[in-house]
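Visitor: attaching a predicted model along with its sequence, questions to come.
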Amino acid sequence: MTTHRPIFETFLEGATQHRRGKVRDIYEVGTDLLLIVTTDRISAYDHVLGTAIPDKGKVLTQLSAFWFERTQTIVENHLVSIDSSTFPEGLRPHEELLSGRSMLVRRAEPVPIECVARGYLTGSGWREYQDTGYVCGIKLPEGLVESERLPEPIFTPATKAESGHDINISEAEAADIVGADLISRLRDLTLTLYSYGAHHAETCGIIVADTKFEFGLVPSSNGGTIDGRDILLIDEVLTPDSSRFWPKEDYAPGRGQSSFDKQFVRNYLDEINWNHKLPVPELPDNIVQQTRQKYLDAFRVLSGQELS
């Protein structure tokens, strides 16, 4: 497929910017909707790198839409449309830029907790287990090795951070922040979504080692599930940015794994001994192209589709 010019940031004339995240530029559309434009920025170690990955934003948007459609029987989501030709009239001048990388979504009040599901022992969970035998307050069996499949998936919440690193917390600590009823419901949804996604991915030859979901709350017209509000799945779902994707054919516990996600970039940054402080290093072209290919491969394998 053709490599498109990477989009590092957007400025939509006539649109009011709601906020700019590490990867997404978000605009207000009336009082009830938001436009999420997923750029090709990539972050690592809490910094946005100066090098964009072509087509990354399209992968994240279109793969999220794939999962939103397939998980709506589990939980309602915020997606209204990813077809830029149907966006409000005021956005039509930007249709070419927005095509394939933008979502029109319902506004929701974000729950200030990252809802993480872990099926394998890796990343920060592996480091915590080595030190304490626990992961986010959950006692795990002794003798587990790096990348080992857990006896059953676990729910390990984290505090959300606009800047800086999210902090792993226990379910009890999460309940103190958002309430026991809500966190119990989010735990159940997180594990159900993970199990659904991991099963589908495994049939495609990909292991979902862990992933994070975000949820929002909206006023309910029929009483709602939490204090008169309904829960929506928001942001992105089971993408190479929010998940660790491992090729099943290469999997072997006791070591780090090859991947279809941005761990490849983290590994490069570790190899050059970056200190995780400014200034951020530029990514060489071979790392950019290999990262792009990993994202495209993940999309094609999981969705069975070609990127549009």
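Guide: Received the coordinates, thanks. Quantities reported herein were computed from a predicted structural model and do not represent experimental measurements.
Visitor: and residue 70, what element?
Guide: helix 56-71 (DSSP states H and E).
Visitor: just checking, what packs against that helix?
Guide: strand 33-38, strand 79-81, strand 102-106, helix 180-203, helix 285-303 (3 or more Cβ pairs under 8 Å, 6 or more residues apart in numbering; DSSP states H and E). In short, each C-beta sits where N, CA and C put it, glycine included.
Visitor: can I get the ones you listed in JSON lines including mean pLDDT?
Guide: Shown next, in JSON lines, are the helices and strands packed on helix 56-71 (pLDDT from 0 to 100):
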{"stretch": "strand 33-38", "mean pLDDT": "98"}
{"stretch": "strand 79-81", "mean pLDDT": "98"}
{"stretch": "strand 102-106", "mean pLDDT": "98"}
{"stretch": "helix 180-203", "mean pLDDT": "98"}
{"stretch": "helix 285-303", "mean pLDDT": "97"}
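Visitor: okay, the residue nearest to the spatial centre of the chain: pLDDT?
Guide: Centroid-nearest residue in the chain: residue 242, 2.7 Å away (criterion: Cα atoms, centre = their mean). Note for residue 242: predicted pLDDT of 97.
Visitor: surely it touches residue 236?
Guide: Yes - the pair residue 242 and residue 236 qualifies as a contact (Cβ atoms under 8 Å) at a distance of 5.3 Å.
Visitor: ok, the closest residue to residue 174 other than its chain neighbours - contacts?
Guide: Distance criterion Cβ to Cβ, 6 or more residues apart in numbering; nearest residue to residue 174, sequence neighbours excluded, is residue 157 at 4.1 Å. Applying Cβ atoms under 8 Å, 6 or more residues apart in numbering to residue 157 gives the contacts 113-116, 136, 168-171, 173-174, 183, 186.
Visitor: same thing with residue 146?
Guide: 121, 122, 126, 253, 254, 255, 256.
Visitor: for it, which three-state class applies?
Guide: coil (DSSP: H, G, I helix; E, B strand; the rest coil).
Visitor: distance of it from residue 172?
Guide: 27 Å (Cβ to Cβ, to the nearest Å).
Visitor: try residue 17
Guide: On the measure of Cβ to Cβ, residue 17 and residue 172 end up 37 Å apart.
Visitor: which of the contacts of residue 146 ranks first by neighbour count?
Guide: residue 121 (24 neighbours; other Cβ atoms under 10 Å).
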